[in-house]
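1. this one's sequence-less:
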């Protein structure tokens, strides 16, 4: 057998191996998708019936005709049961949305992230007009992606920045292009409570919280949604923070319309 024939045979073997691995990966992804669909169906139907009973009957017991038969301690316990059932229902709704996120595919369109960020920040300020905030949005940041999903990701990132700066006399939130370790990225930066860097990976896990609910409201799934959106677009997200000194969330997208020389880097 000639060298050329051997090379062709070797390339054919490599191609065949790659095709098999691609086929196996596709089958695994399809199996995972079916499992997620089954989980979503169970979450949506099977688990809701007992939860509705807990919420409904506890709510009835809180009405004056029944609540008056309980002493203050019993009423407090019942209130806690009812609040816990409402919180669990919210967690189920959020988890179901996370499971279904991007299952319908990702649309491809030009998305002006700068305009989107300004709209979101304006809405946050309008909802809490007493808050003092200095916001900065770099113009002309555009990507190719699904506007609905990308807005969901930005709402969670900017909403987090807004929430965790609520104790500041003046909140500082910025959105723009930057670079992290030489990697061009888009970032959301704030001067809020921050976090310990060693826990950064936990931020993107569903229901993982670095601050208690008593400190800041929420159930800890917003960043998991943002990550799922960016992964669906073929991008990635990561974070740097320091407790008491704010946080920066970076993300990349394959089709980022970066300015020349990766854009203007925001000050650290």
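-> That came in fine, so what should we check first? Since this is a predicted model, take the numbers as computed values, not measurements.

2. right, and the helix or strand after the helix or strand harbouring residue 225?
-> Assigned by DSSP states H and E, residue 225 falls within helix 222-232. Per DSSP H and E, the first helix or strand lying C-terminal to helix 222-232 is strand 236-241.

3. mind showing which ranges of the stretch 151-268 of the chain have poor pLDDT?
-> 199, 206-220, 255-268 (pLDDT under 70).

4. strands along the stretch 51-200 of the chain, start to end?
-> 109-112, 133-137, 142-145, 171-180, 183-190 (DSSP state E, counting those that start in this stretch).

5. mind listing residues that contact the third one?
-> Outside strand 142-145, the residues that touch it by C-beta atoms under 8 Å, 6 or more residues apart in numbering are 106-114, 150, 233, 253, 255-257. Yep, even glycine has a C-beta here, placed from its N, CA and C like the rest.

6. ranges for the helices of the stretch 51-200 of the chain?
-> Assigned by DSSP state H, counting those that start in this stretch, the helices in the stretch 51-200 of the chain fall at 64-67, 72-100, 113-127, 147-163.

7. lowest-confidence stretch among those helices?
-> Comparing mean pLDDT across the helices of the stretch 51-200 of the chain, the lowest value falls on helix 72-100: a mean of 77.

8. show me what that one is packed up against.
-> Counting contacts by 3 or more C-beta pairs under 8 Å, 6 or more residues apart in numbering; DSSP states H and E, helix 72-100 packs against helix 3-41, helix 48-61, helix 222-232.

9. okay, the angle between the helix holding residue 225 and helix 72-100?
-> 10 degrees (axes from the mean of the first three to the mean of the last three C-alpha atoms, to 10 degrees).

10. correct me if wrong: residue 149 contacts residue 232.
-> Yes. Here residue 149 reaches residue 232: they are 6.7 Å apart, a contact under C-beta atoms under 8 Å.

11. quick one, which of these two is more surrounded?
-> Neighbours were counted for residue 149 and for residue 232 using other C-beta atoms under 10 Å; residue 149 has more, 22 against 18.

12. which residue is the nearest non-sequential neighbour of the more buried one?
-> Distances taken as C-beta to C-beta, 6 or more residues apart in numbering put residue 229 closest to residue 149, at 4.6 Å, once the chain neighbours are dropped.

13. residue 88 now?
-> Nearest in space to residue 88, with sequence neighbours left out and distances taken as C-beta to C-beta, 6+ apart, is residue 51 at 6.1 Å.

14. direction included, what does the host helix or strand of residue 249 pair up with?
-> According to DSSP H and E, residue 249 maps onto strand 247-252. If you go by DSSP bridges, strand 247-252 pairs up with strand 183-190 (antiparallel), strand 236-241 (antiparallel).

15. please identify the deepest-packed of those strands.
-> Counting by mean count of other C-beta atoms under 10 Å, strand 183-190 has the highest mean neighbour count of the strands paired with strand 247-252, with a mean of 21.

16. give me the contact list for that strand.
-> Here strand 183-190 makes contact (C-beta under 8 Å, 6+ apart) with 113, 141, 154, 157-158, 160-161, 164-165, 171-180, 246-253, 256, 258, 262-263, 266.

17. rerun that using 7 Å as the cut-off
-> Residues from elsewhere that reach strand 183-190 (C-beta atoms under 7 Å, 6 or more residues apart in numbering): 113, 141, 157-158, 161, 164-165, 171-179, 246-252, 256, 258, 262, 266.
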